[in-house]
Every structure is written in C-alpha cells, then in structure tokens.
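Peer 1: Following is a predicted model, sequence given first.
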Amino acid sequence: MKILFSLCLFLLGSLAGFSQENSRDTLRILCYNIHYGQGNDGVYELERLAEVIRESKPDIVALQEVDVVVERSGKVHQARKLGELTGMAVRYGPTQHYQGGLYGNAVLTNLPILDVLIHPLPYTEATPEKTTYPRAAIAVTVKGPEGNPVRFISTHFQHNVEEDRIEQAKAINQLFAGDEIPSILAGDMNAVPGSEPINLLEKKWIHAGKEPFAPTAPSKDPRSRIDYIFYRPASSFEVISEKVIDEPMASDHCPVFSELKLRPSN
C-alpha cells in the first residue's frame, strides 16, 4: 500500500516500501547530485537515475538538485517519482522557489523514519553581477541497525562563493556536531579536499573513505572531488567500503557510495 502526502511548504514527500527494522549491522549509503534529472545528453530521464540508485542497493540516499514541479524538468515531482521508481520512502527539503515549483535536496530510505528537520544555511544574496542560491540541509533520523537511531543529512553548498561554503560548513558543525547521535553527512560541498570548507568539516567529521580522494565531477571526465560522505562520532562507525561510481551519463556528477558498520552503543 502506498500513501502519498505532503508535510507543509517545506516538507514534501511520499511514503513507499517501508522495511522492517534493519537486521544487519551495516548501512549502505549513496550520495548523488542528480542535476535536476538532466543527463549529459540533455535528456531528462529519472528512470536511469533510479536504475543507478537501485544497482547500489542503498539503505539511504542523499540527493541534491532535485526539482519538484519545475517548468524546465516537465513539472514532475522528482522526489516523489524517484521514491516510486526505487521503492523507497522520500523526504524533500526545498531550498528555493524556481520556475513555478521548488528546488532542493532530498533523502530516500528503506528504513523507518523517526524525525525530519530542514535547516536553512547562511548564504550571500544574489546580485546583478553574481547569481547565488539559498542553501539548506535536510536531516532525517531513521531507525538503523538494532533499532538504533541514526541521523542522516543531505546538503549542497554554494557553487561560486567560497565564503558562503565556509559559513555553511560552520553551520553544519554547529547544527549537527554538538551531540553524540550517530550521524552521517552527505552532499555536494562544491569544495575540494584540503580547502577551508572541507578542513572545517573534518574538525568534527570523518571522511568515509581513504585518500587519495577519487574525483566525482564532471561525470564524463571526473577531475575534482566535491561530493562526500562523512560520519561522526568516530566511535560509532567503521568504514567497510567506499567508492565513486563510474556513471558518465545520468547526471553531471558521479555518485559516491559507502558501506558503514554501526558499532554497538555503550
């Protein structure tokens, strides 16, 4: 049975394919900037994005650049449609109005959802000389292995203002790194390893992978690592695997995958 519903202006989504409590002690994580459904061939095709997602068999997915009833992408509710195509529950976190609809981040999961919060992030207002966009983070708390709550955050930092990215990293740390709840942060940070935004995040978060960092963008010929999966606290997780998935067509970013083992709480 499928239930479609909306949760006020800032929470749109659909409920599909809820699983029972996760009996494994690992979480399969995917982070994917989907370029509002447009592939490198210029075609808007959610089915091939869903196929990429399904192939990794994730428990939870962070999506960025998700359109909801936006004119450019055919007024499709992309968050709801991807939930239907993958059989996963979806929660949507809009960051702005755009072309008659909404644009923002989303989370897909097959785990029971306990809580959803959407947090605006600081950003510089656009000017005639420079186009910027509002930014936010959507935090979904799920019932993870052995029934333990796990907080999962999907976000997307500013693309063209370094100071915005720095302030957004600081805000993420203030919002989500002040407690001991097992947390996973995934998103397009628009910042390369060693840059100040990533250095700020790594003061509080651990990268779910090993150096050297494989590039994620552009997907046809990746040269820069700007998409990441982090976790905290260090004692809560063990990295089983991490990789950048070679997918050159469905989006202009390659997805990032990680499998994390949730350690028993004290």
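Peer 2: Structure received.
Peer 1: Can you pull out the low-pLDDT segments for the chain?
Peer 2: 1-23, 266 (pLDDT under 70).
Peer 1: Could you rerun that using 80?
Peer 2: 1-24, 211, 265-266 (pLDDT under 80).
Peer 1: for the residue nearest the centre of it, which residues make a bridge with it?
Peer 2: Computing the C-alpha centroid of the chain and ranking residues by C-alpha atoms, centre = their mean puts residue 62 first, at 2.3 Å. As for beta bridges, residue 62 partners with residue 31, residue 107 under DSSP bridges.
Peer 1: quick one: contacts for it?
Peer 2: Taking C-beta atoms under 8 Å, 6 or more residues apart in numbering as the criterion, residue 62 is in contact with 29-32, 105-107, 152-155, 186-187, 229. C-beta coordinates here come from the backbone N, C-alpha and C atoms, glycine included.
Peer 1: ok, of the residues you listed, which one's closest to residue 68?
Peer 2: For the contacts of residue 62, the minimum distance to residue 68 (C-beta to C-beta) is 8.9 Å, reached by residue 106.
Peer 1: Can you name the residues that contact that closest one?
Peer 2: 13, 62, 63, 66, 79, 82, 90, 91, 92, 93, 138, 154.
Peer 1: now do 7 Å
Peer 2: 63, 66, 79, 90, 91, 92, 93, 154 (C-beta atoms under 7 Å, 6 or more residues apart in numbering).
Peer 1: As JSON lines, those residues with secondary structure and neighbour count would be great.
Peer 2: Below are these laid out as JSON lines (DSSP: H, G, I helix; E, B strand; the rest coil; neighbours: other C-beta atoms under 10 Å):
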{"residue": "63", "secondary structure": "strand", "neighbour count": "30"}
{"residue": "66", "secondary structure": "strand", "neighbour count": "29"}
{"residue": "79", "secondary structure": "helix", "neighbour count": "26"}
{"residue": "90", "secondary structure": "strand", "neighbour count": "27"}
{"residue": "91", "secondary structure": "strand", "neighbour count": "26"}
{"residue": "92", "secondary structure": "strand", "neighbour count": "29"}
{"residue": "93", "secondary structure": "strand", "neighbour count": "31"}
{"residue": "154", "secondary structure": "strand", "neighbour count": "30"}
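Peer 1: Using a markdown table, please lay out those residues together with distance to residue 126.
Peer 2: Supplementary listing: those in a markdown table, determined by distance: C-beta to C-beta, whole Å:
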| residue | distance to residue 126 |
| --- | --- |
| 63 | 24 |
| 66 | 20 |
| 79 | 24 |
| 90 | 29 |
| 91 | 27 |
| 92 | 23 |
| 93 | 20 |
| 154 | 23 |
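Peer 1: quick one: which of these is nearest to residue 120?
Peer 2: For these, the residue nearest residue 120 by C-beta to C-beta is residue 93; the value is 9.9 Å.
Peer 1: Could you find the closest non-adjacent residue to the closest one?
Peer 2: In space, and not counting its chain neighbours, residue 93 is closest to residue 138: 2.9 Å by C-beta to C-beta, 6 or more residues apart in numbering.
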